[in-house]
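Visitor: need coordinates for the following:
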Amino acid sequence: MCSFGLAPSTFSVVAPRPIVEGRPVATITDVAPGASIAPFGMCQSLANPTVAAATAAALGVLTPMPCVPVVPAPWIPMAPQTMAGGAPVLVAGSTCVCVYGGSISLAMPGAVRTTAS
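Guide: Model prediction:
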């Protein structure tokens, strides 16, 4: 989820990773727009130049435009001691920030339970 997006999105892990509960493990480096982080429908952030231009053209009426997330930094991990591929893994509560001001978070983690072996 993005705080400025109008729709939820899906998250994908593109690099080969260990598998947990049948899904690849995501890490803080999975920030590629389009590949890892899909668009969130329409963007409502006035910091997004396309939204600002459309809103100005509509005489100040907020006009959402297609979302194209731009994530300049890694995710903020909530479990920095748990590593996969040399990077901390993502868990529920991990967040990253879009340059247009949105806070992106994991609404539903792929794995919901772990077991010790």
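Visitor: off-centre distance for the top strand by length along the chain?
Guide: Longest strand in the chain by number of residues, with DSSP state E as the criterion: strand 79-84. Averaging C-alpha positions (CA atoms, centre = their mean, to the nearest Å) puts strand 79-84 18 Å from its chain's average.
Visitor: ok, now stretch 69-88?
Guide: Mean-position distance between stretch 69-88 and its chain equals 11 Å (CA atoms, centre = their mean).
Visitor: now swap in stretch 8-26 and tell me
Guide: 13 Å.
Visitor: buried sites along the longest strand of the chain?
Guide: Judged by neighbour count (16 or more other CB atoms under 10 Å), strand 79-84 contains these buried residues: residue 84. All C-beta atoms are positioned from the backbone trio N, CA, C, and that covers glycine.
Visitor: next: stretch 55-65.
Guide: So stretch 55-65, judged by 16+ other CB under 10 Å, has buried residues 55, 63, 64, 65.
Visitor: helices or strands next to the longest strand of the chain in the packing?
Guide: strand 87-89 (3 or more CB pairs under 8 Å, 6 or more residues apart in numbering; DSSP states H and E).
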